[in-house]
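Visitor: 3D, please:
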Amino acid sequence: MKLVAAYIRHEAFEPIRTELLELGFPSLSIMEAKGSGRQKGITEKYRGTSVTNYLRPKIKLECVVADGDVQTIVDTILKYARSGEVGDGKVFIMPVEAAYRVRTGESGEEILQAHPEGGQAV
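Guide: Below is the predicted model:
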């Protein structure tokens with residue numbers, strides 16, 4: 001199993017979420033994030049003073065998937081997050097040693113499977 005963590009622009013999230021859902025990957029964790037990188041800061045006037053903000057807003061998207069599904073997830077993220085401009089984001093892949101479903105105590109890759117139609121777990 002692998003954890004795919006991506007820092008992306010806000011406008012890239014909805015098309016990524018939609019395609020991953022269609023591909024059978026409904027389980028995502030999303031967090032608001034701020035960070036700095038090669039992207040320049042934004043300088044604004046505030047009460048007569050110039051203020052530069054180097055922390056740019058991003059969305060951190062995380063999902064744990066079977067090893068064989070990693071490239072599908074990465075390809076989907078890159079397809080919609082890549083604009084060609086500085087600040088498009090980053091994708092990281094990390095190993096996951098174990099995973100457990102809290103409700104049932106099940107473990108392993110079987111807990112990564114999507115729920116059947118109707119949203120109820122079997």
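
Visitor: ok, the helix or strand of the chain with the lowest mean pLDDT: who's next to it in the sheet?
Guide: Within the chain, no helix or strand scores below strand 42-46, which has a mean of 80 by mean pLDDT, DSSP states H and E. Strand pairing for strand 42-46, using DSSP bridges, gives strand 49-53 (antiparallel).

Visitor: how far out from the middle of the chain is the partner strand?
Guide: 30 Å (CA atoms, centre = their mean, to the nearest Å).

Visitor: next helix or strand past that strand?
Guide: Next helix or strand after strand 49-53 toward the C-terminus (DSSP states H and E): strand 56-65.

Visitor: so what strands line up beside that following strand?
Guide: When DSSP bridges is applied, strand 56-65 pairs with strand 2-8 (antiparallel), strand 29-35 (antiparallel).

Visitor: okay, now the unreliable bits of the protein?
Guide: Filtered on pLDDT under 70, the chain yields the residue ranges 113-122.

Visitor: now the residue sitting nearest the centre point of the chain, nearest residue through space, not along the chain?
Guide: The residue lying closest to the centre of the chain (CA atoms, centre = their mean) is Leu61, at 1.8 Å. Distances taken as CB to CB, 6 or more residues apart in numbering place Ala6 nearest to Leu61, at 4.6 Å, with adjacent residues excluded. Just so you know, the C-beta spots here come from the backbone N, C-alpha and C atoms, and that holds for glycine as well.
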